[in-house]
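**Q** Got a predicted structure plus its sequence, pasted below:
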Amino acid sequence: MRVLVTEDDENLRVAVEASLRGSGFAVDVAADLPAADEAVSVNSYDCTVFDRMLPSGDALGYVAGLRRRGWPVPVLFLTARDTVGDRIAGLAHGDDYLVKPFAMAELVVRVRSLCRRGAAPPAPVLRHGDVELDAGRHEARRAGTLLTLTAKEFVVLERLVAAGGRPVRRAELIAAAWDEFVPPASNVLDVLIAGLRGKLGPPPVLHTVRGVGYLLGA
C-alpha cells in the first residue's frame with residue numbers, strides 16, 4: 001500500500017514516514033502543497049496524510065479542490081486545531097482527522113483502515129494454479145501449505161496471482177511494494193523474487209519474462 005505524507009515539520013514528517021515504512025507501507029513525502037500536488041499528479045496512492053496548516057496554505061482547501069475534480073483517494077488530516085467546527089470541516093472534505101499530539105501506533109492503524117476503505121473490494125481468495133492468496137487474512141498458500149511472507153513479498157505475490165498468468169512489469173511490482181526512491185533499475189525486486197521463489201518451493205512456478213517482468217504459471 002502506497003501513502004503520501006505532506007507535513008512541513010521535518011521532525012514529525014520523518015517520524016511518520018519511519019513509522020509507516022516500519023509497518024510495511026511504501027511512503028512518499030512532501031513538505032508543502034506544490035510538492036504534494038506534483039506527487040498526486042504522477043502517482044497512485046491508497047491513502048494520503050495531510051497536515052492541515054502548511055506554509056503554502058490550508059490543505060483543507062487543496063483537498064476540497066481535488067474532490068471537486070473527482071479525486072477519490074482517502075485523506076487523513078493531521079492538525080493541532082481541535083474545535084468541533086474544525087473537525088466538522090476536516091471530515092467534510094477528508095475521511096479522518098487526527099489531533100496533534102498523537103500516538104504513532106494510532107496513526108498507523110488509521111492509515112491502514114483508510115487504505116482498505118479506499119481499495120476496491122478484493123476477491124475473498126485469489127487463486128492461480130496451486131497458489132492461493134487470502135488478502136483479508138493476509139495469508140498465502142501453495143498446495144495448501146501456508147507460506148511465511150514479508151509484507152512486500154505478499155504485495156508482489158498478490159499482483160502476480162491477480163494477473164492470472166499474464167506477465168507483470170517490473171515497474172508495476174516496484175511501484176506496488178516500494179516507492180519513488182527505488183529506481184526501476186534497482187535490484188531490490190530481483191532479491192525479493194529470489195526469496196519468493198525459495199518460499200514457493202518446487203516445481204518452479206514464478207518465471208522471468210525477459211525484458212518485461214515476471215509471471216506466475218506452470
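**A** Cool, the structure landed.
**Q** Look up which residues are beta-bridged to the nearest residue to L20 once chain neighbours are set aside.
**A** Spatial nearest neighbour of L20, excluding adjacent residues (Cβ to Cβ, 6 or more residues apart in numbering): V27 at 4.9 Å. Any C-beta I mention is one placed from the backbone N, CA and C, and that applies to glycine too. Taking DSSP bridges, one finds V3 as the beta-bridge partners of V27.
**Q** what about the residue nearest to L66 when sequence neighbours are not counted, which SS state?
**A** Of all residues not flanking L66 in the chain, V40 sits nearest, at 7.2 Å (Cβ to Cβ, 6+ apart). What DSSP: H, G, I helix; E, B strand; the rest coil gives for V40 is helix.
**Q** hang on, L196 in a helix?
**A** Yes. Under three-state DSSP, L196 falls within a helix.
**Q** Which pLDDT value belongs to it?
**A** You'll see L196 listed with a pLDDT of 94.
**Q** likewise L215?
**A** Looking at L215, its pLDDT is 92.
**Q** What pairs with the one helix or strand it maps to, parallel or antiparallel?
**A** Here L215 sits within strand 213-216, counting by DSSP states H and E. Sheet partners assigned to strand 213-216 using DSSP bridges are listed as strand 168-169 (antiparallel), strand 206-209 (antiparallel).
**Q** show me the contacts for the spatially closest residue to E153 that is not a sequence neighbour.
**A** Leaving out its chain neighbours, the residue that sits closest to E153 by Cβ to Cβ, 6+ apart is L196, at 5.2 Å. L196 makes contact with L149, E153, V156, L157, L206, according to Cβ atoms under 8 Å, 6 or more residues apart in numbering.
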